[in-house]
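K.L.:
Fold the following and give me the result.
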Amino acid sequence: MLSNDVHNRILQYNPWLTQPHQADALIRRFLPDIYVPRAIEPVELRNDRALLIVGPRQSGKSTLAWRLLQSHAPHILYLNLEDPLLRSALDAAIELVALLRERYPFIKALFLDEAQHLTDAGLFVKGLVDERLGIPLLVTGSSSFHLMSRTRESLAGRADRLRLLPFSMKELMRREKPDNPLAAKHLGETIFQRQMIHGSYPAVYLAPAEPDRLRLLSDLTEALILRDASDLFRIKRVDVFRKLLSLLAGQTGNLVNFSEMASLCHVDAATIHAYVEILEESHIVKVVRPFAGGKRRELTTSPKIYFVDNGIRNQLLNAFTEDIPLRTDKGALMENWVFSELYKRLPLTATIHFWRSKAGGEVDFVVEQAGHIEALEVKAAALERPRISRSMRSFIDAYHPKRFVLVNRSLETRLALEELSIDFHTPASLPY
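P.N.:
Residues are numbered from 1 along each chain as shown. Presented below is the predicted three-dimensional model:
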């Protein structure tokens, strides 16, 4: 039986249960003044399975969950599993099921927030779904590490998984709804400039002034390093974790040698691999592996690592110069931005690679999805006329991609080849 302290804590988090006439106003406190509709909306809530919303901290997961649950007010039970009292009292699904059936049988939706703090979130969610409560179950977590990996029991058939990342340009453009092509171009350049320097985390992007954005970025980066690394993943060498992040930020777009990273951090390569896995599961970075396509001449095995958000990368390097053409890292910065936009917009079934051949040919990104491939090349400079490089031609001749896109700062046109057109796009017109 749960203690009175636990019941009181639940009511503190759910005041609408005792004040249902004020439910709309009470729940509205969880929603921001400015809301940017996310690309994954609308989402269907089902009574026979869970909806897992995973992504980095402060990417808008809880906001999206509250938006989806508004129609169920005031019959929502919200449990913040970051709270140690609730986490210890409800450490097994059967205890929560008993609570719902005995004390809250009128509940029509269950929201488990910050579920990564559970010892085995995947097994916990499976237990709830298997009890057939007949109500929607929403689960958010700042990492898929606990939600998807730390359980031997599969959630297949029991859960739908959404990945929510910082804002994409497409989402931000859609919110503003520019009146004409000229306004759209100007808006796209403004959004691109801010994303390149300060990134797209909701609180950071929507902050009214640069000092606010820099402060929020600093706080967020420290939370990712210290709170998640030391508390959630029990990393003992936080200093090594921090140094690795800085090294990766400086290596954006380059091949990564894990043994070299280990030497610089004075640890073994297995530790570096483990830390990179944590960073990837936490949606801070993404490991991009080479595309071979069965061709023997593609011999590269070292991966590249990109950051999901440019702002976090720049914070780690303390690099906030806003005059992008004058930055020495403008190529890496724009390449990372293109990667982040692809990663945000592509479905979970798509994979992103890079291509590098023995002969020296390179293509920045190769996307595999639905049985075909597409390729993207990134140029940080402003182009005056369309042209294709020898590397692009080599890749096209070898693999015959469905589409080839060249992203640059100025040119929007099409260059016709024998069997394929090369599309030149500026950031605002990225066709994904």
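K.L.:
Mind telling me what element Leu406 is part of?
P.N.:
If you go by DSSP states H and E, Leu406 is part of strand 403-407.
K.L.:
After that strand, heading C-terminal, what element do we hit next?
P.N.:
strand 413-416.
K.L.:
partner strands of that following strand, parallel or antiparallel?
P.N.:
Looking at strand 413-416 with DSSP bridges, its partner strands are strand 421-425 (antiparallel).
K.L.:
ok, and what's touching the strand it pairs with?
P.N.:
383, 386, 388, 392, 403-408, 411-416, 431 (CB atoms under 8 Å, 6 or more residues apart in numbering). Where C-beta positions appear, they are placed from N, C-alpha and C, glycine not excepted.
K.L.:
Ok, stretch 125-137 next?
P.N.:
By CB under 8 Å, 6+ apart, the surrounding residues in contact with stretch 125-137 are 45-52, 69, 72, 92-94, 96-97, 100, 107-110, 112, 115, 139, 147, 151, 153, 155, 158-159.
K.L.:
Out of those residues, which end up buried?
P.N.:
Buried residues within the contacts of stretch 125-137, defined by neighbour count using 16 or more other CB atoms under 10 Å: 45, 49-52, 69, 72, 93, 96-97, 100, 107-110, 112, 115, 139, 147, 151, 155, 158-159.
K.L.:
So which of those residues sit within helices?
P.N.:
Applying DSSP state H to the buried ones among the contacts of stretch 125-137, the entries found in helices are 69, 93, 96-97, 100.
K.L.:
mind checking the SS state of Arg161?
P.N.:
On the three-state scheme (DSSP: H, G, I helix; E, B strand; the rest coil), Arg161 is labelled strand.
K.L.:
Name whatever forms a beta bridge with the nearest residue to it once chain neighbours are set aside.
P.N.:
Nearest non-adjacent residue to Arg161, counting by CB to CB, 6 or more residues apart in numbering: Leu52, 4.6 Å away. Beta-bridge partners recorded for Leu52 (DSSP bridges): Val139, Arg161.
K.L.:
Start the count at 56 instead of 1 going forward.
P.N.:
Got it, the first residue is 56 from now on, which makes the last one we talked about Leu107.
K.L.:
Isn't Leu107 up against Asp215?
P.N.:
Yes. Contact criterion CB atoms under 8 Å: Leu107 and Asp215 qualify, at 7.0 Å.
K.L.:
just checking, Arg411 touches Ala347?
P.N.:
No. With contact defined as CB under 8 Å, Arg411 does not count as touching Ala347 (9.9 Å).
K.L.:
Looking only at neighbour counts, state which of the two leads.
P.N.:
Arg411 (20 against 17; other CB atoms under 10 Å).
K.L.:
Next one, pLDDT for that one please.
P.N.:
As predicted, Arg411 sits at a pLDDT of 92.
K.L.:
Equivalent analysis for Ile407, please.
P.N.:
Looking at Ile407, its pLDDT is 98.
K.L.:
residues contacting it?
P.N.:
The contact partners of Ile407, taken as CB under 8 Å, 6+ apart, are 341, 343, 394, 397-398, 401, 420-422.
K.L.:
Looks to me like it is in a strand.
P.N.:
Yes. Using three-state DSSP, the assignment for Ile407 is a strand.
K.L.:
now it: how far from Ala317?
P.N.:
Distance from Ile407 to Ala317, counting by CB to CB, to the nearest Å: 25 Å.
K.L.:
what's the answer for Leu134, then?
P.N.:
In this view, Leu134 and Ala317 are 40 Å apart by CB to CB.
K.L.:
Of the two, which one has the most company?
P.N.:
Leu134 (22 against 19).
K.L.:
Let me know the secondary structure of that one.
P.N.:
Assigned with three-state DSSP, Leu134 falls in the strand class.
K.L.:
ok, it - contacts?
P.N.:
Contacts for Leu134 (CB under 8 Å, 6+ apart) come out as 65, 68, 141, 145, 151, 165-168.
K.L.:
switch the cut-off to 7 Å
P.N.:
68, 141, 145, 166-168 (CB atoms under 7 Å, 6 or more residues apart in numbering).
K.L.:
Now tabulate the residues you listed in CSV and tack on distance to Pro482 and pLDDT.
P.N.:
Output for the contacts of Leu134, formatted as CSV (distance: CB to CB, whole Å; pLDDT from 0 to 100):
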residue, distance to Pro482, pLDDT
Tyr68, 41, 97
Leu141, 43, 95
Leu145, 45, 89
Phe166, 36, 98
Leu167, 37, 97
Asp168, 34, 96
